[in-house]
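**Q** please find the sequence and the predicted model below.
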Amino acid sequence: MAEKSFKYVIVGGGVSAGYAAREFVKQGVQPGELAIISKEAVAPYERPALSKAYLFPEGTARLPGFHVCVGSGGERLLPEWYTEKGISLILSTEIVKADLPTKTLTSAAGDTFTYQTLIIATGSAVIQLTDFGVKGADAKNIFYLREIDDADKLVEVIKAKSNGKAVIVGGGYIGLELSAALRVNNIDVSMVYPEPWCMPRLFTAGIAAFYESYYTNKGVDIIKGTVAVGFGTNENGEVTDVKLKDGRVLEADIVVVGVGGRPLTTLFKGQVEEEKGGIKTDAFFKTSLPDVYAVGDVATFPLKLFNEVRRVEHVDHARKSAEQAVKAIFASEKGTSIEEYDYLPYFYSRAFDLSWQFYGDNVGDSVLFGDSSPTSATHKFGSYWIKDGKVVGVFLESGTPEENKAIAKVARVQPPVDSLETLAAEGLAFASKI
């Protein structure tokens, strides 16, 4: 089989790969030096669109509209951009073996690729119910959402089952965004999750209460404290119902499962140091091997602001870590230095006419401020998290761009506070004066 050789190889073709490619060009990569190897069939795109506008009945997003780097206000890198820059975009190619000591990657088709410097940008894979042997979990019309192929299949079935019934398994990001997208498509939606409230990794009970009431008012049936334990099927192998642990059975034409992801590190096991479920890196995303970098979901890196190491699964970090790694590679070649990665954790979501942002860390005591009534006209409310007398995290629903900048600044500066009561009373005004 063919062997191809490159100075730089990025394995993985998601958001990180696209932003890394743009930074490589900024840094002066020469034609023929860089390859991106992706198992997907399309050039890197902004993955968050798949759970939002890609599924909307109107104002629908489609490629080439959301190739990177439009998600952060940058230039849209079409497939021809890579060709013009002399970057080899090797699509529909899955790497099945990585031999880091010999700097060789092998594809499922048996082709080999050698490199001098490697960037691991493999991202995450969704956790599937078939992994746990859930009965009937391999039925047709049970969907997971990670790649554009998944979204295309979901779009088809939404059209085929118009006015049908959907069950969303999971109450996190995917659960909340997909419930909203399916309701907008006039599908009957039930959302099932085992936790006492939605988005428990980020939301407090107070924040979650708003979204649960808001979604209920939009016609989403929320079922908490139980899990899916089996699926019924018809003679065509299509899903017909979801059996819950508490004995209830929900009719379903469509099931979407969003129960988390796992970083794709298997190829590199035993070859690089790992920590907290990811590949351990320094503040420049260099791994324990000098010519191997890891970015995005797979990297466990020093989070300077909180003086700890962490792995972050979010598009903002996928973009920024990729850029940092490429800058570090070129600095190392030139014998110069760059600043350490100093990341402010950031998460956001949009669903229905809602839009929230969160910055910092959700630890310590929390206070709710603003109007968190689900029937509020503005539904502008938020939360501060306070630890050791300082504000360490801020959440805001329906903020203006200026207000979102203000809460980001608070999370970065970590101003001291005397009293939680005063902070709750001041609300957003506290952030605006920092």
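**A** Cool, got the structure.
**Q** OK, contacts around residue 398?
**A** 354, 355, 356, 378, 379, 380, 381 (C-beta atoms under 8 Å, 6 or more residues apart in numbering). The way it works is simple: take the backbone N, C-alpha and C, and place the C-beta from them, glycine included.
**Q** what's the spacing between it and residue 377?
**A** Residue 398 is 10 Å from residue 377, where distance means C-beta to C-beta, to the nearest Å.
**Q** quick check: closest non-adjacent residue to residue 88.
**A** Counting by C-beta to C-beta, 6 or more residues apart in numbering, residue 88 lies nearest to residue 35, which is 4.0 Å off, once chain neighbours are set aside.
**Q** host element of that neighbour?
**A** If you go by DSSP states H and E, residue 35 is part of strand 34-37.
**Q** contacts for the very next helix or strand once past that strand next, please.
**A** Next helix or strand after strand 34-37 toward the C-terminus (DSSP H and E): helix 79-84. With C-beta under 8 Å, 6+ apart as the contact definition, helix 79-84 has outside contacts at 21, 36, 42, 43, 64, 75, 88, 89.
**Q** show me which of the residues you listed is closest to residue 232.
**A** residue 42 (34.9 Å; C-beta to C-beta).
**Q** ok, now which ones touch the closest one?
**A** 63, 79, 91, 148.
**Q** any chance you could map the helices in the stretch 101-250 of the chain?
**A** Counting by DSSP state H, counting those that start in this stretch, the stretch 101-250 of the chain has helices at residues 148-160, 173-184, 205-217.
**Q** which helix is the longest one in this protein?
**A** helix 315-334 (DSSP state H).
**Q** looking at the contacts of residue 42, spot the one nearest residue 228.
**A** For those, the nearest to residue 228 is residue 148 (25.5 Å; C-beta to C-beta).
**Q** give the contact list for the closest residue to residue 219 other than its chain neighbours.
**A** Nearest non-adjacent residue to residue 219, counting by C-beta to C-beta, 6+ apart: residue 183, 5.9 Å away. Shown in contact with residue 183 (C-beta under 8 Å, 6+ apart): 189, 218, 219, 220, 352.
**Q** can I get the buried part of the contacts of residue 42 as one ChimeraX selection?
**A** Buried residues within the contacts of residue 42, by 16 or more other C-beta atoms under 10 Å, are selected in ChimeraX with:
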select :148
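**Q** for the contacts of residue 42, work out which two are farthest apart.
**A** Of all pairs in the contacts of residue 42, the most separated under C-beta to C-beta is 79 and 148 at 13.7 Å.
**Q** from what I can see residue 97 touches residue 109, true?
**A** No. Using C-beta atoms under 8 Å, residue 97 is not in contact with residue 109, being 12.0 Å away.
**Q** okay, strands next: where are they in the stretch 301-434 of the chain?
**A** 308-311, 346-351, 354-360, 365-370, 381-387, 390-397 (DSSP state E, counting those that start in this stretch).
**Q** other SSEs contacting the fifth one?
**A** Helices and strands touching strand 381-387, by 3 or more C-beta pairs under 8 Å, 6 or more residues apart in numbering; DSSP states H and E, are helix 205-217, strand 365-370, strand 390-397, helix 420-426.
**Q** give the rounded mean pLDDT of the longest one.
**A** Helix 205-217 shows a mean pLDDT of 98.
**Q** CA atoms of it as PDB?
**A** Taking C-alpha atoms only, helix 205-217 is exported to PDB below (Å, rounded to 0.1, in the frame of the first residue of the first chain):
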ATOM      1  CA  ALA A 205     -31.300  23.400  40.900                       C
ATOM      2  CA  GLY A 206     -32.400  27.100  40.700                       C
ATOM      3  CA  ILE A 207     -31.100  27.500  37.100                       C
ATOM      4  CA  ALA A 208     -32.500  24.200  36.000                       C
ATOM      5  CA  ALA A 209     -35.900  25.000  37.400                       C
ATOM      6  CA  PHE A 210     -36.300  27.800  34.900                       C
ATOM      7  CA  TYR A 211     -35.300  25.600  31.900                       C
ATOM      8  CA  GLU A 212     -37.500  22.700  32.900                       C
ATOM      9  CA  SER A 213     -40.500  24.900  33.300                       C
ATOM     10  CA  TYR A 214     -39.800  26.800  30.100                       C
ATOM     11  CA  TYR A 215     -39.500  23.500  28.200                       C
ATOM     12  CA  THR A 216     -42.700  22.100  29.800                       C
ATOM     13  CA  ASN A 217     -44.500  25.300  28.600                       C
END
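**Q** and it, what's buried?
**A** For helix 205-217, by 16+ other C-beta under 10 Å, it's 207, 208, 209, 210, 211, 212, 214, 215.
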